[in-house]
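K.L.:
Mind looking at a prediction? Sequence and model below.
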Amino acid sequence: ARGDRDAEETPQDQRDHLTAHAQGSTMVGIGADRAARQGGHVTSQVFVNLTTRDLARSQTFYEALGCTINPQFSDENAICVIWSDEIYFMMLLPEFFDSFGGKPIADPAQFTQVRTAFSRDSKYAVDAIVDAALAHGGALTGETQDLGFMYGRAVEDPDGNILEFFYMDMEAAAAGMEAA
């Protein structure tokens, strides 16, 4: 045992975790189920590392989408793009990205390695951010999806990284699930 009783999962935590997972919960990890039972929230910052061939172009593109750049974590090898208090993109030059080791780097202009999706507050907000992306070097990818309760569009940034933006009417989605 590690000696930290709060960091160890109890049998109840394990059962709750499996139940939450089966119900589609996004809370994971040791203590998450305990926090959920106690009405708390488990928060985490997400850093998505992506490659870019041109830091200045990436900065211009992401600022046009409403993001800001954190200069404290930006230099000649990378820029830190702030989407929210919890979500960041680290746009890294390929040589710097490669310095972390591991597998060969996929060129996002040729291969899809990830599709990062962001919710928006309305269909209008989806269209507005996609229009901003297109006006600043982005390219549409795929067809607009309009399922009534969900609306989405996808773009590639200037390096080929895929960003999806969607709006979901949760009341309409819930009504549709209940009818199914």
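P.N.:
Ah, there it is. Numbers count the residues shown, from 1 in each chain.
K.L.:
which ones are touching Val155?
P.N.:
Neighbour list for Val155: Val130, Ala133, Leu134, Gly138, Ala139, Leu140, Thr141, Ile162, Leu163, Phe165 [criterion: CB atoms under 8 Å, 6 or more residues apart in numbering]. Yep, even glycine has a C-beta here, placed from its N, CA and C like the rest.
K.L.:
Arg53 falls within a strand, correct?
P.N.:
No: according to DSSP: H, G, I helix; E, B strand; the rest coil, Arg53 belongs to no strand; its state is coil.
K.L.:
out of the contacts of Val155, which are inside strands?
P.N.:
Among these, the ones falling in strands (DSSP state E) are Ala139, Leu140, Ile162, Leu163, Phe165.
K.L.:
And the fourth one, how far from Thr144?
P.N.:
Separation of Leu163 from Thr144 (CB to CB, to the nearest Å): 14 Å.
K.L.:
And for the third one?
P.N.:
In this structure, Ile162 and Thr144 are 15 Å apart, going by CB to CB.
K.L.:
Going by how many neighbours each has, rank those two and give me the top one.
P.N.:
Legend: neighbour count by other CB atoms under 10 Å for Ile162 and Thr144, higher for Ile162 (18 against 13).
K.L.:
quick one: the more buried one from Val46, how far?
P.N.:
Distance, Ile162 to Val46, by CB to CB: 17 Å.
K.L.:
do Ala78 as well
P.N.:
Separation of Ala78 from Val46 (CB to CB): 16 Å.
K.L.:
Which of the two has more residues huddled nearby?
P.N.:
Per other CB under 10 Å, whichever of Ala78 and Val46 has more neighbours is Ala78, with 19 against 11.
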